[in-house]
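**Q** Provide a 3D model corresponding to the input given below.
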Amino acid sequence: MSEELNIPVDSLSDTIEQSRSFVKRIKINKKSGGERIVYQPARKIKVIQYWLMRTIFSKITIHSASMAYRKEGSIKENALKHSNGGYFLKLDFKDFFPSIKFSDLNKSIIAFRKNNNAIFKYTKADQELIRRVCFYKNDKLPIGYPSSPIISNIVMYKFDIRVTDEMPKFRKYGNVVYTRYADDMIFSTDRKGGCEKIFSFLSVLINSWSTPSLLLNEAKTRFVSSSGGTAIVTGLRICYDGHITLHRHYKDIVRLLLSLYKKGNLKEEDVYVLKGHLSYIQNVDSVFYTKICKKYFDIIDEIKTK
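**A** Below is the predicted model of the structure:
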């Protein structure tokens, strides 16, 4: 690692030894109230995390139901998986990242190597390196580390397999689809009644699951249908005819920001927020993006250059 990163051995050893000291704690207000702590590691720690992601974590299989933090998955792809569903169950894990500990990852990596002829080295030194650099106090997975998302997917692999393997039992409710986007689980069926049965199964499974120890955020459990366009999956609206679009409220906000920009009344810091919205819209809702481009072509082109 020292040679690959072009960092002297002594300097690298000191950085690893003191890695948890080079972390900023940032408080972010939650929409639901309260605060979330995000941990921002120093650049020299991130370099090591990215090295671990490339040399170890990227070689470990991620389940196809996991749609976040991987090339084949995205917010849009996650919603598209459920576009033929009429009934939806939406669940959320409570304190998802902090519920994952180093011991959970360690077990997952050891099991993967055992089942895949040890395709990469994983020594005691590697284990200690990962524990120090990728985890924080009490060996919990922190929100904000670049390596945390892929670690969560690795640890959840067996859970995703178990859930997917159980889905054929619910076939009498039609086509059952399961995806997980980080801490959000989505189930869809095309017949009424299936989501309630799936929820009963999941409640038992999650209460008995130990690697990692998971807890449902019951306040966020939702049973919805696409009748009336009420089904929202990872921020995208699934309409009764199966097509995917952005929520009307979100569209109104973007139109307002564009109007303010056109009149010269948008704050400088909000211009970059608008730029991010436009990039997101272009990726997930090309129809709406085309509509706003027709009306605001010149200013959208101008915003892109900022």
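
**Q** which residues does Ile292 contact?
**A** Counting by CB atoms under 8 Å, 6 or more residues apart in numbering, Ile292 makes contact with Val254, Arg255, Leu258, Ile281, Ile300. All C-beta atoms are positioned from the backbone trio N, CA, C, and that covers glycine.

**Q** my error: substitute Met53 in the last question.
**A** Per CB under 8 Å, 6+ apart, neighbours of Met53: Pro146, Ser147, Ile150.

**Q** next, the buried residues of whichever strand or helix holds the last one.
**A** Under the criterion DSSP states H and E, the helix or strand holding Ile150 is helix 148-155. Taking 16 or more other CB atoms under 10 Å as the basis for neighbour counts, the residues of helix 148-155 that come out buried are Ser148, Pro149, Ile150, Ile151, Ser152, Asn153, Ile154, Val155.

**Q** nearest to Gly264 among those residues?
**A** Pro149 (38.9 Å; CB to CB).

**Q** report the contact partners of that closest one.
**A** Ala68, Tyr69, Ala182.

**Q** what's the most distant pair in the contacts of Ile292?
**A** Arg255 and Ile300 (12.0 Å).

**Q** outside of stretch 210-229, which residues touch it?
**A** 85-96, 99-101, 104, 107-108, 155-156, 158-159, 195-196, 199, 202-203, 206, 230-232, 237-240.

**Q** check stretch 242-249 too.
**A** 76, 79-80, 83-84, 232, 235-239, 281, 284-285, 287-288.

**Q** neighbour-wise, which one of the residues you listed leads?
**A** Counting neighbours by other CB atoms under 10 Å, Ile238 leads the contacts of stretch 242-249 with 26 neighbours.

**Q** how close does the closest residue in space to it that isn't next to it in sequence sit to Asn207?
**A** Spatial nearest neighbour of Ile238, excluding adjacent residues (CB to CB, 6 or more residues apart in numbering): Ala231 at 4.4 Å. Distance check for Ala231 against Asn207: by CB to CB, to the nearest Å, it reads 27 Å.

**Q** and for Ser2?
**A** Taking CB to CB, one finds Ser2 at 45 Å from Asn207.

**Q** coming back round to it: of the contacts of stretch 242-249, which belong to helices?
**A** Lys76, Ala79, Leu80, Ile281, Val284, Val287, Phe288 (DSSP state H).

**Q** could those residues be laid out in TSV, adding pLDDT?
**A** TSV is the format used below for those (pLDDT from 0 to 100):
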residue	pLDDT
Lys76	90
Ala79	91
Leu80	91
Ile281	94
Val284	91
Val287	92
Phe288	94
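
**Q** looking at those residues, which one is closest to Asp126?
**A** Lys76 (35.7 Å).

**Q** who are the contact partners of the closest one?
**A** Leu236, Ile244, Asn283, Val284.
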